[in-house]
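>>> Okay, predicted coordinates and the sequence, questions at the end:
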Amino acid sequence: MMLELGNIIINDVQFGNVNKVENNVLHVNSESLMEIVLEDDRIKDAIIELARPGESIRITPVKDVIEPRVKVEGPGSIFPGVIGKVDTVGTGRTHVLKGAAVVTCGKIVGFQEGIVDMTGPGADYTPFSKLNNVCLVIEPSEGLSPYDYEAAVRLAGLKIAVYLGELGKDIEPDKIELFETKPLLDQVNEFKDLPKVAYVYMLQTQGLLHDTYIYGVDGKQIVPTFMYPTEIMDGAIISGNCVSACDKNTTYHHQNNPIINNLYKKHGKDINFVGTIITNENVFLADKERSSNFTVKLAEFLGLDGAVISQEGFGNPDTDLIMNCKKIERVGIKTVIVTDEYAGRDGLSQSLADADFSANAVVTGGNANEVIVLPPMEKLIGSYAYVDKIAGGFDGSLREDGSIEVETQAITGATNELGFNKLTARSL
Amino acid sequence: MVKGIEAAGIPVVHICTIVPISKTVGANRIVPAIAIPYPLGNPNLDSKEEYKVRRTIVEKALNALQTEIDGQTIFE
Amino acid sequence: MALKVVHYINQFFANIGGEEMAHYAPEIREGAIGPGLGLDRAFKGEAEIVATIICGDSYFNENINEAVAKILSLMKDIEADLFVAGPAFNAGRYGTACGTISKVVQDELKIPAVTGMYIENPGADMFKKEVYIIETANAATGMRKALPKLAALALKLARKEEILDPETEGYLVRGIRKNFFAEKVGAERAVEMLIKKLNDEEFKTEYPMPEFDRVEPGKAIKDLSKARIAVVTTGGIVPKGNPDRIESSSASKYGIYDINNVITLDDENYETTHGGYDPVYANENPNRVVPIDVLRDLEKEGVIGSIHPYFYSTTGNGTAVKSSKNFAEEIDNKLLEDGVQAVILTST
């Protein structure tokens, strides 16, 4: 599969009478976006707001972040099986509004939605402070179940992202990148002398607010399977996910998976990147055993020499991570795992719930329990009503002056386990 | 938690879904549960059947508490 | 004005004697003695040893409470700004004494303390988490190298300056996980680490796997029909409204809930505050996490003696192992006082 990614750099977002991309500025018309959001009768009301890098704005509770993309050439459309038809994507050409994002927020669904600060110390911890964000603040209809509410918000975000992505269809990109993964036998032959490496992509699938969808199918119902990395760039994997904000993968993370990007960078030089194995993180022990068995079977079948394994979330998924690592190492394939830590506010506790000596190469996104103070912001998008309640918040997190004392956990994307950030931890 | 309580000599039985974590953190008497969101139940069953499932697990736990052990033991 | 330092050494370094004088009781002398002279020079006038406390290694270890109390009382009127113990090199009893007294001084007198020892000194493992310990050679021949590091770190502590990483400052890794921003993103570090591992080159994991310790299993219950059983859960079941405001993740507390007259945990009165799983099922029927309905029936049938009138609840997700240890200790004491014979712990 070969995919051309055409990046249209977006430097600013503005309200306007028409929706368009012009001179690297995204113009959005609030009314027309509202119309799309309100098509869904599960949504009572919505507000569209803009947040740009450096502005004194706090967005909370953030549910998902999505990058606007559009298919220009090749089969299928963005978010196949969810917004578009379930065609196989990942070939041809896709345009990206690089630097823009859709952020869904509004009344809390669970405990685990996050905070994005556009400036100040909190901004250093979230990648979304660097984007020009179109925020949808959504108000659910009365009596809506949490499941329906989550689904309605998820779809609204994706629809708006697709709508905005379309605006880039006929625009000449500022930069074009090319990614290619061949069918296995050809790929192995192309770089015969390089070690064969795959990416084991663990997806959070623990039920309500912890779900991930692949071509529209609920990830907890799959057995691990193979995917071309370029499929994922076209939105084949989306987040329905409100695990602790710091280490859930938003749809934006999936679209821009940095492990895939970095494996491609070394592809043909140090390694032969043969593809991606996706697997899940379920709530039954038998599922964990079955999925890790399938993962190692696929890894062996692909003839791998090495694999990078990434986790999503924490706690019992630590067991999925360790099972995958242990079993893959056992068949002689070398692994690096990417995770984050829950070492306590004082950093003195054991960081993971599960451990094994074979996990001897670990990359960490940092200690999610470490406390940070976020100064007051001039403008709030969303609501302060839930700051004490979200994961990482505690009684008294929100102070009178509008500053917030929370664990890093509460910041969207802060300790991401795809290695999206520079944040990490060491032992002092 | 489990280890902390047992440190005082009170026997503890740990009912949990993810047995590997329980083993890693050092529980001695372990009884596997059904699923993370409902360790002692099953929403797909009617309430009578579900009660039976719960009772079976609790009985296993009580049996574990009455069994002398040397090291980590899983009571299936 | 120079900072005031109190220095702790053993009978050997005070030139009082070797093993035969190890029972020497604590005493205080004015100014610097033995290694203190070199340490004083290393302070370069920024700080000054105003008093030296001497104690025999055997005396300290065999009479810890008395030794500590005596030393604290000797320090009472000095108003020291800094406390330095040792260095103890590889002397085991001296090392534990230096660790113990440094910890007490920093905790109780709130005076910054630092000590030094060899990495394999038993005192190192015992205290490196709580006390800064400068890594030294295994014998007193390493004194000249150790003293400047000891002095430098001590001054930084006294001035509340930022303490950098162990390699730069020369102290033993304390095992405190601390966040920082690396030069490259995690994904790039991961791929580079894998390439090194594939090429059999040296690589450094960012998180060495911990070793979990074990406890002896408690003795089995002989007669269940007379036993009092308590229930503890990490599944976050609480009375509706979460009156103690137990956090949905990273719990800093636990709740104690009266179930004296409760025969089942119904959805009208109980719910979960746990943020790590789909809460719908636990909210529908909290007995799915804390099986009070079954336990009450078993109590009625005489299978178990009685159910402890309180259950204990916290959330397990993201809750540090150490806080959970503290909860366990507190809960333990209460359970022992109340004559509980066995515990059922449920986790989600």
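That came through fine.
>>> what's the spacing between C:Asn61 and C:Ile101?
According to Cβ to Cβ, to the nearest Å, C:Asn61 and C:Ile101 sit 11 Å apart. Just so you know, the C-beta spots here come from the backbone N, C-alpha and C atoms, and that holds for glycine as well.
>>> Equivalent analysis for C:Pro166, please.
The separation that C:Pro166 has from C:Ile101, given Cβ to Cβ, amounts to 22 Å.
>>> neighbour count winner among C:Asn61 and C:Ile101?
C:Ile101 (27 against 17; other Cβ atoms under 10 Å in any protein chain shown).
>>> what are the phi and psi angles of the closest residue to C:Ser102 other than its chain neighbours?
Among residues not flanking C:Ser102 along the chain, C:Ala113 sits closest, at 3.9 Å (Cβ to Cβ, 6 or more residues apart in numbering or on different chains). Phi and psi for C:Ala113, reported as degrees, to the nearest 10, are phi -130, psi 150.
>>> what's the neighbour count on C:Ala113?
Around C:Ala113 there are 26 other residues, counting by other Cβ under 10 Å.
>>> near chain B, which residues of chain A?
A:206-207, A:283-285, A:288, A:316, A:318-319, A:322-323, A:353-355 (Cβ under 8 Å from any Cβ of the partner chain).
>>> Within reach of chain C, which of these are there?
Among the residues of chain A next to chain B, chain C is touched by A:Gln206, A:Gly207, A:Val283, A:Asn316, A:Ala355 when using Cβ under 8 Å from any Cβ.
>>> contacting residues for the nearest residue to the fourth one once chain neighbours are set aside?
Excluding its sequence neighbours, the residue lying closest to A:Asn316 (Cβ to Cβ, 6+ apart) is B:Ile18, at 4.7 Å. By Cβ atoms under 8 Å, 6 or more residues apart in numbering or on different chains, the contact set of B:Ile18 is A:Leu285, A:Lys288, A:Asn316, A:Thr319, B:Ile36, C:Ser347.
>>> With C:Gly17 instead?
Contacts of C:Gly17 (Cβ under 8 Å, 6+ apart): C:Gln11, C:Tyr24.
>>> Could you pull out the strands in the stretch 51-200 of chain A for me?
Using DSSP state E, counting those that start in this stretch, the strands of the stretch 51-200 of chain A run over A:57-66, A:69-73, A:92-98, A:100-106, A:114-117, A:132-140, A:175-180, A:196-204.
>>> got a markdown table for those, with distance to A:Gly157 too?
Below are these laid out as a markdown table (distance: least, Cβ to Cβ, whole Å):
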| stretch | distance to A:Gly157 |
| --- | --- |
| strand A:57-66 | 5 |
| strand A:69-73 | 13 |
| strand A:92-98 | 14 |
| strand A:100-106 | 4 |
| strand A:114-117 | 14 |
| strand A:132-140 | 6 |
| strand A:175-180 | 25 |
| strand A:196-204 | 17 |
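>>> Taking the ones next to chain C among the residues of chain A next to chain B together, which two end up most distant?
A:Gly207 and A:Ala355 (25.3 Å; Cβ to Cβ).
>>> ok, A:Thr212 touching A:Lys248?
No - A:Thr212 is beyond contact range of A:Lys248, at 9.4 Å (criterion: Cβ atoms under 8 Å).
>>> Look up phi and psi at the residue lying closest to C:Glu247 once chain neighbours are set aside.
Nearest in space to C:Glu247, with sequence neighbours left out and distances taken as Cβ to Cβ, 6+ apart, is A:Phe394 at 5.1 Å. Here is the backbone geometry of A:Phe394 (degrees, to the nearest 10): phi -150, psi 170.
>>> again, but for the one 10 residues further on
Backbone torsions for A:Ile404, taken as degrees, to the nearest 10, come to phi -130, psi 130.
>>> Quickly list what C:Glu271 is bridged to.
Applying DSSP bridges to C:Glu271 gives these bridge partners: C:Val238.
>>> tell me the contacts of B:Val31?
So B:Val31 contacts B:Val13, B:His14, B:Ile15, B:Cys16, B:Ile57, B:Lys60, B:Ala61, B:Ala64, B:Ile74, B:Phe75 (Cβ under 8 Å, 6+ apart).
>>> repeat that for 7 Å
By Cβ atoms under 7 Å, 6 or more residues apart in numbering or on different chains, the contact set of B:Val31 is B:Val13, B:Ile15, B:Ile57, B:Lys60, B:Ala61, B:Ala64, B:Phe75.
>>> now swap in A:Lys130 and tell me
When contacts are taken as Cβ under 7 Å, 6+ apart, A:Lys130 is in contact with A:Pro53.
>>> for A:Val363, same thing?
By Cβ under 7 Å, 6+ apart, the contact list for A:Val363 reads A:Val336, A:Val338, A:Gly419, C:Gly186, C:Arg189, C:Ala190, C:Met193, C:Glu206.
>>> Same list, the contacts of B:Val31, but only the ones touching chain C.
Restricting those to those touching chain C (Cβ under 7 Å from any Cβ of the partner chain) yields B:Val13, B:Ile15, B:Ala61.
>>> Pretty sure B:Ile5 is one of the things B:Gly26 touches, is it not?
No - the pair B:Gly26 / B:Ile5 is not scored as a contact, 11.3 Å apart, by Cβ atoms under 7 Å.
>>> Which of those two has more residues huddled nearby?
Neighbour count, other Cβ under 10 Å: between B:Gly26 and B:Ile5, B:Ile5 has more, with 27 against 16.
>>> any idea how far that one is from chain C?
5 Å (Cβ to the nearest Cβ, to the nearest Å).
>>> list the contacts for that residue?
By Cβ under 7 Å, 6+ apart, the neighbours of B:Ile5 are B:Val12, C:Val232, C:Ala328, C:Ile331, C:Asp332, C:Val343.
>>> again, only using 6 Å
For B:Ile5, the contact set (Cβ atoms under 6 Å, 6 or more residues apart in numbering or on different chains) comprises B:Val12, C:Ala328, C:Asp332, C:Val343.
>>> Noted, bye for now.
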